[in-house]
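Novice: below: sequence and its predicted model.
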Amino acid sequence: MGQPHPQPVGQPQPVAQPQPQWHLQQQPQQPVPQQRAEPDWDALADRNEVEGKRRRRMKAVGVVAAVAVVGGLVAGGVVLLQGKKDDGSPTVAKSTQPTVPPSTSGTPDDPSKPIWEAATDPAPQDAGALFSALQVTINGATWNRTVVSLDSPCWDGNSTTGGLGKVLGDQGCQQVLRATYVSGDSAVTVGVAVFEHKLQAETALKNFAGQLKGAPAPGSPAFCAGPGCTGTHNSLGRYGYFTVEGSAKGGNAPDATATAAAAGFTEHVKGQLLKRAKAASSAAPGVQGTPAG
């Protein structure tokens, strides 16, 4: 075995040189450009249409609700209006008080206005002029006028029966004008009650009771002098107008032909009253009008 060789004392020892280390440097990865996805135009269109329908439904619901609210407020007499000014600030809410209806119904252009009160309807009351038609054709049948009458006061027994006279008298009825028309065995009496003002005529009609009394021609049997016949009642201006339908043979039984003609006679009398209104409107102020003919 070989002996180790002693190192001379004081001699420097050789220093081991570090071995170089080699490192691999990674190259940075280049970003891969992403392709932009093409929008699904069909899906967007569908969503837009659905959203548009939803907004329209919500708008429609809002309009209906607003109309309902406004309608309720108007019915209660108050309407609140609020919006925004040009600068974006809210406007002050406004309210309207309930409109008090006028004391008389109708509109300024109501053709019956000239006969609303006696002051504007000064022509004399004449049953022959008011019921001037000697013949009236209704439902294809000819009705002949047999009698006219003007009765005052308006109480039962004269031209009314069944309590109608009291109803008319309570409202200051002045006169009742009547005329009877006959066709075969059927008879219809038409009548007009005269008041000072239309409010009295309307009130009397609201409290209507009883009936107009039939007016037989001289020598003819009495008809519709008591309950049992059919009849109608209406008002126009300061007048109440009525019909009663029965048998020309007398009694208080209803007559089918006369009852069927009631509507036609009602329109005929209304037309005569409107003629009177037209005459009153045409009359110069301070000049007495002429009765309708």
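Specialist: Looks like it arrived, so ask away. Just so it is clear, the structure is predicted and the values come from calculations on it, not from any experiment. Numbering: from 1, shown residues only.
Novice: from here on, just use CA atoms for contacts and neighbour counts.
Specialist: Will do.
Novice: all helices of this structure, in order?
Specialist: 41-76, 127-130, 164-170, 198-206, 256-282 (DSSP state H).
Novice: for Ala204, give its distance to Lys198.
Specialist: Ala204 sits 10 Å away from Lys198, going by CA to CA, to the nearest Å.
Novice: out of the two, which sits in the more crowded spot?
Specialist: Using other CA atoms under 10 Å, the more surrounded residue of Ala204 and Lys198 is Ala204, with 26 against 23.
Novice: which pLDDT value goes with that one?
Specialist: Model confidence at Ala204, given as pLDDT, is 96.
Novice: correct me, but it touches Lys166?
Specialist: No: with contact defined as CA atoms under 8 Å, Ala204 does not reach Lys166; the gap is 9.5 Å.
Novice: any weak-confidence spans in the protein?
Specialist: Filtered on pLDDT under 70, the chain yields the residue ranges 1-108, 284-293.
Novice: make it 80
Specialist: Within the chain, the segments meeting pLDDT under 80 span 1-108, 283-293.
Novice: longest strand of it?
Specialist: Ranked by residue count under DSSP state E, the longest strand found in the chain is strand 141-151.
Novice: which parts of that strand are buried?
Specialist: For strand 141-151, burial by neighbour count (16 or more other CA atoms under 10 Å) applies to 143-148, 150-151.
Novice: parallel or antiparallel, which strands does that strand pair with?
Specialist: Sheet pairing here is set by DSSP bridges, and for strand 141-151 it gives strand 135-138 (antiparallel), strand 175-183 (antiparallel).
Novice: ok and the last one relative to helix 256-282, angle-wise?
Specialist: In this structure, strand 175-183 runs at an angle of 130 degrees to helix 256-282, with axes from the mean of the first three to the mean of the last three CA atoms, to 10 degrees as the basis.
Novice: can you pull out the residues in contact with strand 175-183?
Specialist: Strand 175-183 has contacts (CA atoms under 8 Å, 6 or more residues apart in numbering) with 126-127, 131, 135, 141-154, 159, 187-195, 214-217, 248.
Novice: at 6 Å what do you get?
Specialist: With contacts defined as CA atoms under 6 Å, 6 or more residues apart in numbering, strand 175-183 is touched by 127, 143-154, 187-194.
Novice: and what of the shortest one?
Specialist: Residues from elsewhere that reach strand 135-138 (CA under 6 Å, 6+ apart): 142-144.
Novice: let's see 10 Å
Specialist: 142-146, 181-183, 260-265, 268 (CA atoms under 10 Å, 6 or more residues apart in numbering).
Novice: ok, those residues vs Gly210, which is closest?
Specialist: Ala262 (16.9 Å; CA to CA).
Novice: list the contacts of the closest one.
Specialist: Applying CA under 10 Å, 6+ apart to Ala262 gives the contacts 138, 188-190, 230-232, 242-245, 268.
Novice: which one of the residues you listed is nearest Gln171?
Specialist: Closest to Gln171 out of the contacts of Ala262 is Phe242 (16.2 Å), distances taken as CA to CA.
Novice: now do that closest one against Gly219, distance only.
Specialist: From Phe242 across to Gly219, the span is 24 Å (CA to CA).
Novice: do the same with Gln171
Specialist: From Gln171 to Gly219 the distance is 34 Å (CA to CA).
Novice: ok so, going back, which one of the contacts of strand 135-138 is nearest Ala277?
Specialist: Lowest distance from Ala277 to the contacts of strand 135-138 (CA to CA) belongs to His268, with 14.4 Å.
Novice: show me the contacts for that closest one.
Specialist: Contact analysis of His268 by CA under 10 Å, 6+ apart lists 131, 133, 136, 138, 190, 262, 274.
Novice: now for Gly219, how many residues are close by?
Specialist: Close neighbours of Gly219, defined as other CA under 10 Å, add up to 6.
Novice: residues of stretch 164-174 that come out buried?
Specialist: Under the neighbour-count criterion of 16+ other CA under 10 Å, stretch 164-174 has 164-169, 171-173 buried.
Novice: in JSON lines: these, plus distance to Pro254.
Specialist: Compiled in JSON lines, the buried residues of stretch 164-174 are given as follows (distance: CA to CA, whole Å):
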{"residue": "Leu164", "distance to Pro254": "19"}
{"residue": "Gly165", "distance to Pro254": "21"}
{"residue": "Lys166", "distance to Pro254": "24"}
{"residue": "Val167", "distance to Pro254": "23"}
{"residue": "Leu168", "distance to Pro254": "24"}
{"residue": "Gly169", "distance to Pro254": "27"}
{"residue": "Gln171", "distance to Pro254": "29"}
{"residue": "Gly172", "distance to Pro254": "30"}
{"residue": "Cys173", "distance to Pro254": "27"}
